[in-house]
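Q: Sequence and predicted structure below; questions after.
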Amino acid sequence: MRPILLKGHERPLSQVKFNRDGDLLFSVSKDSVASIWYSSNGERLGTLNGHSGAISAIDIDPTTTFAITGSADFSAKLWRVETGECIFTWNTVTPVRGVEFNKDASKVLVLTAEVMGHPGTISIYPVDFTKEEQSTEPLLVIKRQPELGVFTVAGWSYGDKYIIAGHNDGSISKIDAETGEFLETAKYHEGIVTDLQFSPDRTYFITSSKDQSAVLVDVLEFKLLKQYQAKAPVNSAVITPVKDYIILGGGQDAKDVTTTKSADGKFESKIFHKIFKDEIGRIKGHFGPINTIAIHPKGTGFASGGEDGYVRLHHFDQPYFDFQYDVEKTAAATNKASLQTAS
Amino acid sequence: MATAVAQNWADELPQTQVTDNGDGTKTVVSFTRNQQGKKVKITKRIRETIVKEEVVPAVAQRRKWSRFGEEKDNTAVGPDTRTTMLDDPIDVQFGEEARKRKEEEVKKRKQTEVTKSLVVCRLCQGDHFTTKCPFIGTLGVDPESNPNMSGNNGEAEGSTADVSGDSVGSGLGGSGSSYVPPHLRGRGGAMPRPGPGERIHDDSTTIRITQLNEVVDEQRLRMELCAPFGNITKATVVRNRETGRSKGVAFVAFETEQEAQLAIDRLNNRGYLSLILKVDWSKPKPKV
């Protein structure tokens, strides 16, 4: 495997994301510029310039026509991907920490931080791409419950039915996307929840935490399915399509990096088996903690963005797809044999 | 101005020539100027293959988009080396690595166990220093309550000849009278402890190579000579202290005895750099 090193940012990466077809890779960093790359060869298509503060999150609509970014300059901006022009800006009272379109990009979720006496909220704004102006009046504002920590991550579940949110005290909550009612809350982590990513069908999700673990939780019953233990804080976790793997990225905290060797910092992306929970591979390369990981929607590769300011784009080799546990091999063999005897 | 001056014909770069070799390959001869201003002729033999890839129409459409933002004025074809670089290939072994890592962990745990057992309390035989013993109040006062202590005393009674060693045991209990030097204390305890600077050497996996060519250093020893047999934990060439010249003797420690045995079998009496190697265990093995 030969990673492509993308050097478009001068400051730590905050999020990387593929569009739905997987041909474009979007990366945002603390240097207030978003970059768009062709995922096949790493060529930079362009940048989205306009924010005046660190960008924390990006999302792309299903047709890759529009993108939304959230920034610490108290705004979320809507962009036309083809030309890189900003077409609308929502202004917020506190820095934006997360943005995500729903499945048909008719609504957008904007997560704001809790600073300066303002409560952290999840606001849902309507989006209508046929119009020039967008509504600045949110459809719904979800305030955090006093017994739960501040919102750190949020996303839409299947069918846009629920909003799943992660808190800085390690709890995860399921919120009704229509009414804003807190339906369920569970505390599967001891530390701050750093990332939340869904399975391709959005029926289950993975959250990562600074407590050095990641958990797989199903949306409907909100039950813990699997837990993965890393030996360093986990900043990002993804569920891979095609193969039953989990990729975790993280490492020693940025403030501790100067006192750690890169070998001890655990700055590798770790591949776990989704079902057996074993670590089956490591991909090294970053020389700082990994802040964000994104998986190609077709499962053919992944991108990781690090505190070191680099995005590393990996296209998987055959061994990645060929790897099987012995039990899987025997199961496949017996299955084949039984099919043959049946025919 | 520079363009107005007629250039010397010798300074002009010839045109790039492309010739078809007929076997599906092409030879491209191009000329460039290097940093010293010298002409460089580059001859490349290339084979063109057309790879067809089917993509969604939207993806094909997006490939034709023109650049924008900070890339607007970039005219480079394909990825720009300023922002995009191919990194060194990395070899990811699935499954294999996890197994190795587990083995390492087990090994590490064993090592810590060894270091732990080096510290033995003389009172309760626990893995802490005697001064830190939680039973120091109870066991320390009454040596009879410690089976080990009483054993020592019994020995002292039986053989009066070995006074210096055994009196220490009882001395710890507080009944000893004569001074005992620190390095003799604890004799008859659970195990002899190494003194400062004295390390425990396990020579069971170390081999000695003699009649080694002087030019061979540790690096070559590791990489060339012994690498195929297994993991090398330590490799040293014996050198003259003043001149630093090799004495033609080297010691190599492997991880396991099997690996060391293999190295002995394969290397002994083999010619290497015009000398015939003599390879054997660094210390003679005890006969089983």
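A: In hand now; what should we look at? Keep in mind the model is a prediction, meaning the values are calculated, not measured.

Q: what does the stretch 1-150 of chain B put close to chain A?
A: Contacts of the stretch 1-150 of chain B with chain A, taken as C-beta under 8 Å from any C-beta of the partner chain, map to B:55-56, B:58-59, B:62-63, B:65, B:67-72, B:74, B:78-80, B:82-95, B:97-98, B:101. In this view, the C-beta of every residue, glycine as well, is placed from N, C-alpha and C.

Q: Find the closest residue to chain B in the stretch 101-250 of chain A.
A: In the stretch 101-250 of chain A, the residue that lies nearest chain B is residue A:245 (9.3 Å; C-beta to the nearest C-beta).

Q: Is it correct that that residue is in contact with residue A:273?
A: Yes. Residue A:245 is within contact range of residue A:273, at 6.2 Å (criterion: C-beta atoms under 8 Å).

Q: Find the residues that touch each one of the two.
A: residue A:280 (C-beta atoms under 8 Å, 6 or more residues apart in numbering or on different chains).

Q: could you pull out the strands for the stretch 151-288 of chain B?
A: Along the stretch 151-288 of chain B, the segments classed as strands by DSSP state E, counting those that start in this stretch run B:206-210, B:232-239, B:246-254, B:271-272, B:275-276, B:278-281.

Q: so which of these comes closest to chain A?
A: Chain A sits nearest to strand B:232-239 of all the strands of the stretch 151-288 of chain B, at 18.3 Å, using C-beta to the nearest C-beta.

Q: Run me through the strand neighbours of that closest one, direction for each.
A: Applying DSSP bridges, strand B:232-239 is found paired with strand B:246-254 (antiparallel).

Q: since we're on residue B:64, how many residues are nearby?
A: Residues lying near residue B:64 (other C-beta atoms under 10 Å in any protein chain shown) number 6.

Q: Got the confidence number for it?
A: With respect to pLDDT, residue B:64 scores 90.

Q: Likewise for residue A:271?
A: According to the model, residue A:271 scores 92 on pLDDT.

Q: Would you mind pulling up the elements that the helix or strand it falls within packs against?
A: Using DSSP states H and E, residue A:271 falls within strand A:269-273. Identification of packing neighbours for strand A:269-273 by 3 or more C-beta pairs under 8 Å, 6 or more residues apart in numbering or on different chains; DSSP states H and E yields strand A:245-250, strand A:279-283.

Q: hmm, who's touching that strand?
A: With C-beta under 8 Å, 6+ apart as the test, strand A:269-273 has contacts from A:228, A:230, A:244-249, A:278-285, A:290, A:293, A:302, A:304, A:325, B:92, B:94.

Q: Drop anything exposed from the residues you listed.
A: Listed as buried from the contacts of strand A:269-273 are A:228, A:230, A:245-249, A:279-285, A:290, A:293, A:302, A:304, B:92, B:94; burial here means 16 or more other C-beta atoms under 10 Å in any protein chain shown.

Q: got a list of what the residue in the stretch 151-288 of chain B that chain A sits nearest to touches?
A: Distances between the stretch 151-288 of chain B and chain A by C-beta to the nearest C-beta are smallest at residue B:231, namely 17.7 Å. Counting by C-beta under 8 Å, 6+ apart, residue B:231 touches B:254, B:255, B:259.

Q: Narrow the residues you listed to just the buried residues.
A: Looking at these with 16+ other C-beta under 10 Å, the buried ones turn out to be B:254, B:259.

Q: any chance of the contacts of residue B:231 in JSON lines, with pLDDT and distance to residue B:248 too?
A: JSON lines is the format used below for the contacts of residue B:231 (pLDDT from 0 to 100; distance: C-beta to C-beta, whole Å):
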{"residue": "B:254", "pLDDT": "89", "distance to residue B:248": "21"}
{"residue": "B:255", "pLDDT": "88", "distance to residue B:248": "25"}
{"residue": "B:259", "pLDDT": "88", "distance to residue B:248": "23"}
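
Q: Now for the most centrally placed residue in chain A: which residues touch it?
A: Nearest residue to the geometric centre of chain A (C-alpha atoms, centre = their mean): residue A:197, 4.9 Å. Contacts for residue A:197 were tallied using C-beta under 8 Å, 6+ apart; they are A:155, A:205, A:206, A:236, A:237, A:238, A:239.

Q: which among these gets closest to residue A:94?
A: If you rank these by distance to residue A:94 using C-beta to C-beta, residue A:155 comes first, at 19.5 Å.

Q: burial of that closest one, as a residue count?
A: For residue A:155, the neighbour count with other C-beta under 10 Å is 22.

Q: Could I get the full set of strands for the stretch 1-150 of chain B?
A: Using DSSP E, counting those that start in this stretch, strands in the stretch 1-150 of chain B cover B:17-20, B:25-33, B:39-47, B:84-86.

Q: Which residues does the shortest one contact?
A: In other words, strand B:84-86. A:2, A:3, A:4, A:5, A:6, A:7, A:37, A:41, A:42, A:43, A:44.

Q: who's the closest residue to the fifth one other than its chain neighbours bridged to?
A: It refers to residue A:6. Distances taken as C-beta to C-beta, 6 or more residues apart in numbering or on different chains place residue A:311 nearest to residue A:6, at 4.0 Å, with adjacent residues excluded. Legend: beta-bridge partners of residue A:311 under DSSP bridges are residue A:6, residue A:305.

Q: Could you turn the buried ones of the contacts of strand B:84-86 into a ChimeraX selection?
A: Here is the ChimeraX selection string for the buried members of the contacts of strand B:84-86, based on 16+ other C-beta under 10 Å:
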select /A:3,4,5,6,7,37,42,43,44
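
Q: Can you verify my assumption that residue B:62 contacts residue A:64?
A: Yes. Contact criterion C-beta under 8 Å: residue B:62 and residue A:64 qualify, at 6.7 Å.

Q: which residues are in contact with both of those two?
A: If you check residue B:62 and residue A:64 against C-beta under 8 Å, 6+ apart, the residues they both contact are residue A:24.

Q: strands paired with the strand holding residue A:271, and their directions?
A: Strand pairing for strand A:269-273, using DSSP bridges, gives strand A:245-250 (antiparallel), strand A:279-283 (antiparallel).

Q: Format the CA atom coordinates belonging to that strand as CSV.
A: Written as CSV, here are the backbone C-alpha positions of strand A:269-273 (Å, rounded to 0.1, in the frame of the first residue of the first chain):
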residue,chain,number,x,y,z
SER,A,269,-4.3,3.9,12.4
LYS,A,270,-5.4,0.6,13.9
ILE,A,271,-7.6,-1.8,12.1
PHE,A,272,-9.7,-4.0,14.3
HIS,A,273,-12.0,-6.8,13.3
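
Q: on that earlier part again, contacting residues for the residue of the stretch 101-250 of chain A closest to chain B?
A: Contacts of residue A:245 (C-beta under 8 Å, 6+ apart): A:271, A:272, A:273, A:274, A:280.

Q: what pLDDT does the most centrally placed residue in chain B get?
A: The residue lying closest to the centre of chain B (C-alpha atoms, centre = their mean) is residue B:233, at 6.9 Å. Listed pLDDT for residue B:233 reads 88.

Q: if I read this right, it contacts residue B:256, doesn't it?
A: No. Assessed by C-beta under 8 Å, residue B:233 is found out of contact with residue B:256, at 9.9 Å.

Q: what residues do the two have in common as contacts?
A: Common neighbours of residue B:233 and residue B:256 are listed as residue B:205 (criterion: C-beta under 8 Å, 6+ apart).

Q: Regarding residue A:70, what is its secondary structure?
A: Secondary structure assignment for residue A:70 (DSSP: H, G, I helix; E, B strand; the rest coil): strand.

Q: tell me the contacts of the nearest residue to it once chain neighbours are set aside?
A: What sits nearest to residue A:70 in space, not counting adjacent residues and going by C-beta to C-beta, 6+ apart, is residue A:96, at 3.2 Å. Contact partners of residue A:96, counting by C-beta under 8 Å, 6+ apart, are A:56, A:57, A:70, A:71, A:72, A:74, A:75, A:76, A:110, A:111, A:112, A:113.
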